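**Q** structural data only, the sequence is not supplied:
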């Protein structure tokens, strides 16, 4: 079979869904274009060198400078044209793209959508779903579904044949799907010429990167194969499948445990990928090939998984009282793989597993979101957990006709899409705690499935603009009948009050890349599966198209005892990025916070919602505030309270702390900005990406002055088992005070274009207990 110009190895039969070669496509494809992303100083330290270019990944928690890109073009998210996205949609013209997509570009530094600046509200309507433009119904509707009774046709996972039959029509209705389809073809082509995934044991993180990269490739190749029926794709996939089974030309791990079941996430992701390949290439592979796949899958994935439930293993801890990503990924991978081979498997392993995984996931994975929708681990681990959960639920529905309550056993699971939307700021995530390994095949595209299953079209409308939307699951989870603007009617503020989480999200716009965004947390310092920091009171701040106060993210997962314990004296809390001093919060007596912290919070908002326009004019009295009593987080204090509020029509931010302590006090904030401290020490000018933030101490207590330091531990800190990672380019802005009773009021004034010094307000001094919506008028 010929290939297009020798470069694109899909069938050259001019299949209607096979994109035609063009100059733009030959680079990175049309659709959601992915420029190579510069990793900021905030997160690049400690990420394995294996991270090079990940075409369809979202790298969590990117913070830092985009000065190099300030005046460069943003990447097109539609037809390959470029638009200056150095700031926001304000520079992007007055209408949506000619292809009907709302975002006109992708910011090439933070990889967030750039929206047009327009008051034409007719362009954007409220979120809705038009049944006439939606997927047809599945004719497979068993009266009494069973996990052991699968649909008679293939594929049975994620995308049954009736969806493939309708795909061309659906793409014709959606410019988003058209762009994603083209990008998937481009990614599949890029993967085609790469050598097989190279085995790399990354310490305690195992070979998880290998597994997810393998899965990423298999999904893309299988998608393109099913559209084109070009056997080059199945042949390339078979080479990779044989390679990870240890039957390739290069070695792949030890013969007794090639998929590293000891770190069962690895085996689970390999199992999921094998299941997808087995099902989507079912008509391309011979019976002998499929027999080989079943043997490998059972040996390295499914039998060890069954042993978790029926025997004694050293790696099955995730199956008991673990409500985070591990349980979702492990049960999800085992379920997808078992459903794929059910009926062909003569060993009984697949059916045996299905007797355990669904109930176990309902008792554990489904409890990942709390009653306010916040994921139990961190904002980045949400991606891993929800991907596993969504893949499992979707596979069960398509293969057997039911999810068996996986989507509904936790009635608040439907709120986790709101968590994801609000934890995303104007530039990036509020990425507190660990941000996890490379994502590869992991995306936020569960939002499409949840939009459909929970009747929340705003989830799909939000996600379809994101850079990770273009991958195979989106092509079948997204409902092209969904229309409208996710921001129409969306609250600017949202408060998440579950005691384990306790955090707030406040912004000035959903569609302005320059928008002000503040997120702040309290919550418990445990019960996050050892992915949290000791960080009650921690915050981030976006404005003017960049992040001024940011997170350091994960430390090195290979560091000794990094995950071994969350106890007060655990080695984890000796690493700078996990210690209280490595956070944007109050440090007392240079001592870590108490892991038994139980803060309380209160808050209020003016209830401002964004309308259909991407241009939002705010009243001066539009505001929100959040106050936390953090006293229980500190050993050497009798009272610690922190509050944050938006001022002057959400143009300024006041951060206020009221402390009574018996130990020395430090106010700390990590920034990528260049800091210049003013005369007298009570003001600081922060310069970043060509913008300026003025910070000042109001009503400064005696001796209160700004100082700076590098982002590194004190010489007197306990020595960690391994050296900290460096944090180059990060400065800590500090206010140091002796023990006693003190009130610190720090005012942040972004230097907005068109605002003079007289346009900023100096708020009155009001105790936190007396804060109200109108207390600072």
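**A** Good, I have the coordinates. Being a predicted model, the structure only gives us computed values, none of them experimental.
**Q** any stretches of the chain with poor pLDDT?
**A** Within the chain, the segments meeting pLDDT under 70 span 1-99.
**Q** now the helices for the stretch 451-600 of the chain?
**A** 457-463, 472-477 (DSSP state H, counting those that start in this stretch).
**Q** I'd like these as JSON lines, with mean neighbour count and distance to residue 451 appended.
**A** Yep, even glycine has a C-beta here, placed from its N, CA and C like the rest. Listed next are those as JSON lines, based on neighbours: other Cβ atoms under 10 Å; distance: least, Cβ to Cβ, whole Å:
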{"stretch": "helix 457-463", "mean neighbour count": "25", "distance to residue 451": "4"}
{"stretch": "helix 472-477", "mean neighbour count": "25", "distance to residue 451": "8"}
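**Q** so which of these is nearest residue 320?
**A** helix 472-477 (29.0 Å; Cβ to Cβ).
**Q** isn't residue 153 right up against residue 164?
**A** No - using Cβ atoms under 8 Å, residue 153 is not in contact with residue 164; the gap is 10.6 Å.
**Q** so for those two, which sits in the more crowded spot?
**A** residue 164 (17 against 11; other Cβ atoms under 10 Å).
**Q** can you give me the helices for the stretch 201-350 of the chain?
**A** Using DSSP H, counting those that start in this stretch, the helices of the stretch 201-350 of the chain run over 208-228, 231-244, 264-280, 287-297, 303-310, 325-341, 349-354.
**Q** list the buried ones in the fifth one?
**A** This points to helix 303-310. 303, 304, 305, 306, 308, 309 (16 or more other Cβ atoms under 10 Å).
**Q** what is the nearest of these to residue 259?
**A** Closest approach between the buried residues of helix 303-310 and residue 259, by Cβ to Cβ: residue 304, at 8.3 Å.
**Q** the closest one and residue 753, how far apart?
**A** Distance of residue 304 to residue 753, given as Cβ to Cβ, to the nearest Å: 59 Å.
**Q** one more: residue 651?
**A** According to Cβ to Cβ, residue 651 stands 12 Å off from residue 753.
**Q** look at the two and report which has more neighbours.
**A** A direct count of neighbours by other Cβ under 10 Å for residue 651 and residue 753 places residue 651 higher, at 20 against 10.
**Q** thinking again about what came up before, out of the helices of the stretch 451-600 of the chain, which is closest to residue 698?
**A** Among the helices of the stretch 451-600 of the chain, the nearest to residue 698 by Cβ to Cβ is helix 457-463 (36.7 Å).
**Q** what helices and strands are in contact with the closest one?
**A** If contacts are counted by 3 or more Cβ pairs under 8 Å, 6 or more residues apart in numbering; DSSP states H and E, helix 457-463 sits against helix 416-423, helix 446-453, strand 482-483.
**Q** list of residues touching the first one?
**A** The reference is to helix 416-423. 368-369, 372-375, 379, 382, 386, 429-430, 444, 447, 450-451, 454, 456, 458-459, 462, 486, 490, 494, 496, 505, 519 (Cβ atoms under 8 Å, 6 or more residues apart in numbering).
**Q** so how far is residue 571 from residue 100?
**A** Separation of residue 100 from residue 571 (Cβ to Cβ) stands at 53 Å.
**Q** and these two? which has more neighbours close in?
**A** Per other Cβ under 10 Å, whichever of residue 100 and residue 571 has more neighbours is residue 571, with 20 against 12.
**Q** contacting residues for that one?
**A** Contacts of residue 571 (Cβ under 8 Å, 6+ apart): 560, 561, 562, 564, 565, 720, 721.
**Q** assign the closest residue to the first one other than its chain neighbours to helix, strand or coil.
**A** Meaning residue 560. Leaving aside its chain neighbours, residue 560 sits nearest to residue 721 (3.7 Å; criterion: Cβ to Cβ, 6 or more residues apart in numbering). Secondary structure for residue 721, judged by DSSP: H, G, I helix; E, B strand; the rest coil, is coil.
**Q** for residue 652, give its distance to residue 211.
**A** 47 Å.
**Q** apart from its neighbours in sequence, what residue is nearest residue 310?
**A** Distance criterion Cβ to Cβ, 6+ apart; nearest residue to residue 310, sequence neighbours excluded, is residue 352 at 7.3 Å.
**Q** my bad, residue 355
**A** residue 147 (7.5 Å).
**Q** give me the residues contacting stretch 696-713.
**A** Under Cβ under 8 Å, 6+ apart, the answer for stretch 696-713 is 552, 576, 579, 581-582, 670, 675, 677, 680-684, 695, 724, 726-727, 730-738, 742-747, 749, 762-763, 765.
**Q** quick revisit: buried only: go through the contacts of residue 571 for me.
**A** 562, 720.
**Q** what's the farthest-apart pair in the contacts of residue 571?
**A** Distance extremes for the contacts of residue 571: the farthest pair is 565 and 720 at 13.5 Å, using Cβ to Cβ.
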